[in-house]
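K.L.:
next one to model:
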Amino acid sequence: MGSLGVLMAIGLFDVQGGAAVEPRYEITSPLFERVTIQLDSRYYKGKTFTITTKGLGPKNVYIQSAALNGKPLTGRYWITHREFSAGGTLSIVLGPAPNKQWGVAGAK
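P.N.:
Residues are numbered from 1 along each chain as shown. This next block holds a predicted model:
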């Protein structure tokens, strides 16, 4: 349960608990402005994976947009484990009201 709490606090959640053939992490609202995860070179290609949050505050709990390595995640609300393990930066922008256009295509 502790690892689940950590994942959610940094803005990621794996609905399938890592049991999928191609695991993916759904993006949630992080509790931190910046988190850097050091990736072990024995298991991952990348060196670090950083999650940055803009607009973090008590009223800004809704994701407005997200980008992976500068490329907007339009139409999807997740990243794959493969993308995570390659390293890079996930940038999340929060706001006070839901953005009903963000991530909707990925729900199908």
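K.L.:
what about the residue of the chain most remote from its centre, distance to His81?
P.N.:
For the chain, the C-alpha farthest from the mean C-alpha position belongs to Arg42; by C-alpha atoms, centre = their mean, that distance is 22.8 Å. Plainly put, Arg42 is 16 Å away from His81 if you go by C-beta to C-beta, to the nearest Å. All C-beta atoms are positioned from the backbone trio N, CA, C, and that covers glycine.
K.L.:
Val15 now?
P.N.:
Distance check for Val15 against His81: by C-beta to C-beta, it reads 13 Å.
K.L.:
neighbour count: those two, which is higher?
P.N.:
Between Val15 and His81, counted using other C-beta atoms under 10 Å, the more crowded position is His81 (15 against 11).
K.L.:
so what's the nearest residue to that one once chain neighbours are set aside up against?
P.N.:
Sequence neighbours aside, Pro23 is the residue nearest to His81 in space, at 4.0 Å (criterion: C-beta to C-beta, 6 or more residues apart in numbering). Listed by C-beta atoms under 8 Å, 6 or more residues apart in numbering, the contact partners of Pro23 are 14, 16, 80-81.
K.L.:
do the same with Gly103
P.N.:
27, 63, 66, 73, 75-77.
K.L.:
can I get these in CSV with pLDDT?
P.N.:
Written out in CSV, the entries for the contacts of Gly103 read as follows (pLDDT from 0 to 100):
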residue, pLDDT
Ile27, 96
Ile63, 96
Ala66, 97
Leu73, 94
Gly75, 86
Arg76, 92
Tyr77, 94
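K.L.:
that older thread, which pLDDT value goes with the residue farthest from the centre of the chain?
P.N.:
What the model reports as pLDDT for Arg42 is 93.
K.L.:
do the one 4 residues further on as well
P.N.:
We note a pLDDT of 93 for Gly46 in this prediction.
K.L.:
that's all I had, so thanks and see you.
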